[in-house]
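> starting from these lines, generate the structure:
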Amino acid sequence: MGNTTENYLRTMENWLQVLLVAYQYAPEKQLSKYINYYLARIVNHEDCQASSSKLCQYHKMQKFWLWRQNKEFASTLSVKPYSKKLTR
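Take a look at the predicted model:
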């Protein structure tokens, strides 16, 4: 675990914090996509893989944010009820 890889992981974690704060003030779908993107990169980073407690925390966060993103996507789908009456 070199200093460069630790700095890279720290940079990604800092960006994740910025995105989470931004989402708190303005919850937008695009922000949740970026949050998921950074979580995936952090989870796959070798320094995160080496720390089981950190990896577990990020997996939990990733699970929540994937659920959140899917929930937001589902809410954008507009399904209009079938209004034509059936006759016999």
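> so where do the helices sit in the protein?
Secondary structure of the chain by DSSP state H: the helices cover 3-25, 29-43, 46-50, 52-76.
> buried deepest among those, which one?
Neighbour counts (mean count of other Cβ atoms under 10 Å) averaged over each of those peak at helix 29-43, with a mean of 17. No exception for glycine: its C-beta is placed from N, CA and C like everyone else's.
> re earlier: output the helices of the chain as CSV; include the columns mean pLDDT.
Output for those, formatted as CSV (pLDDT from 0 to 100):
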stretch, mean pLDDT
helix 3-25, 92
helix 29-43, 93
helix 46-50, 85
helix 52-76, 86
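> skipping adjacent residues, who's closest to the residue sitting nearest the centre point of the chain in space?
Central residue of the chain (Cα atoms, centre = their mean): Asn36, 2.6 Å from the mean position. Distances taken as Cβ to Cβ, 6 or more residues apart in numbering put Trp65 closest to Asn36, at 5.1 Å, once the chain neighbours are dropped.
> what residues are up against the residue nearest to Leu55 when sequence neighbours are not counted?
Counting by Cβ to Cβ, 6+ apart, Cys48 is the residue found nearest to Leu55 once chain neighbours are left out, at 5.5 Å. For Cys48, the set of contacting residues under the criterion of Cβ atoms under 8 Å, 6 or more residues apart in numbering consists of 9, 42, 54-55, 58.
> right, and Ala22 touches Ile35 too?
No. Ala22 sits out of contact with Ile35 when judged by Cβ atoms under 8 Å, with a separation of 9.2 Å.
> how near is the residue nearest to Asn36 to Thr5?
Plainly put, Trp65 is 24 Å away from Thr5 if you go by Cβ to Cβ, to the nearest Å.
> which residues are in contact with stretch 49-66?
Around stretch 49-66, the neighbours that count as contacts under Cβ under 8 Å, 6+ apart are 1, 32, 35-36, 39-40, 42-43, 48.
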